[in-house]
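J.: Okay, sequence plus prediction incoming.
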Amino acid sequence: MSTNEAETQPGLQWNGTVDKMMADWCDQSKCFNWMHTEAYSRYSKRALTMTITTNIVISLSGIGNLIVGAVTTDATKTSIIFGCISIGVGIVNMIQDKFNWTTIATNHKQSAEKWDIITRKIEEQLAIPYSGRKDCGNFLKYIKQDINIVSETNPTIPKDIRNQCAEKFNKIKDFDIPDICGQVEHTAIYVPEPLQVPLLGNEDKHPPDLNQTRST
């Protein structure tokens, strides 16, 4: 769904059906927040490891330069040693540029923060009475826009993290897990709420006087 289609019928009121839909959206938002946080943790660790490795190799090359220069005067051996060190630094930099873990980690962090904001917006509305909530139609319109925007810019979540999410949140009763986690559910439809018919026992216990009715 595009943001241009995020329109709702004017006059829409909060009810149990809307609450259920919003609760499902909130559950899915929590899942996306958790998955992107896990992905950020993974890729940020890899990026940090590569950065530390590069700095160590560069530092060792400097130390090696001093040691080799003091121990030997053989230019051939010296060039071979520093040639190997340069190749090592180049390989590390190539791996870091190829996988681009720093950028991937940053993208997952931004997505996690956006899903967290959406979660808190929905929870705020569902936690208060209908009388204190924002207009239902307007809230649905803007929350759908937020969801559409963050969904369009979501980085790809690794499959093993999606599987972990399904396993983790599947233990919670009636928790709605996103379809990308491999658990597709049947599409929900609107079910009208039953009419409240008064019981016979709650009706007027004093029927009209038939004699008085006839006299009139």
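T.: Right, received. Where do you want to start? Residues are numbered from 1 along each chain as shown.
J.: same question for the helix or strand hosting Val89, mean pLDDT?
T.: Taking DSSP states H and E as the criterion, Val89 maps to helix 75-99. Helix 75-99 comes out with an average pLDDT of 68.
J.: Also stretch 123-141?
T.: What stretch 123-141 shows for mean pLDDT is 95.
J.: first to last residue in it, what's the distance?
T.: For stretch 123-141, the first-to-last residue distance is 16 Å (CA to CA, to the nearest Å).
J.: buried residues in it?
T.: Neighbour-count burial for stretch 123-141 flags 125, 136-137, 139-140 (criterion: 16 or more other CB atoms under 10 Å). Bear in mind the C-beta positions are built from the backbone N, C-alpha and C, glycine included.
J.: same thing with stretch 31-50?
T.: For stretch 31-50, the neighbour count (16+ other CB under 10 Å) marks 31-40, 42-44, 46-47, 50 as buried.
J.: among those residues, which are in helices?
T.: Within those, residues falling in helices by DSSP state H are 31-40, 42-44, 46-47, 50.
J.: Not counting sequence-adjacent ones, nearest residue to the residue most central in space within the chain?
T.: With distances taken as CA atoms, centre = their mean, Phe32 lies nearest the centre of the chain, 2.3 Å away. Distances taken as CB to CB, 6 or more residues apart in numbering place Trp115 nearest to Phe32, at 4.4 Å, with adjacent residues excluded.
J.: do Pro178 as well
T.: Gln28 (4.7 Å).
J.: Buried residues, the helix or strand hosting Gln125. List them.
T.: Counting by DSSP H and E, the element that carries Gln125 is helix 101-126. By neighbour count with 16+ other CB under 10 Å, helix 101-126 contains the buried residues 101-102, 104-112, 114-116, 118-119, 121-122, 125.
J.: how many neighbours does Glu152 have?
T.: Using other CB atoms under 10 Å, Glu152 is surrounded by 9 other residues.
J.: Next one, pLDDT for it please.
T.: With respect to pLDDT, Glu152 scores 92.
J.: does the residue nearest to Phe32 really touch Ser29, like I thought?
T.: Yes - with contact defined as CB atoms under 8 Å, Trp115 counts as touching Ser29 (5.1 Å).
J.: Provide a list of residues in contact with Asn163.
T.: If you count contacts by CB atoms under 8 Å, 6 or more residues apart in numbering, Asn163 has them with 181-182.
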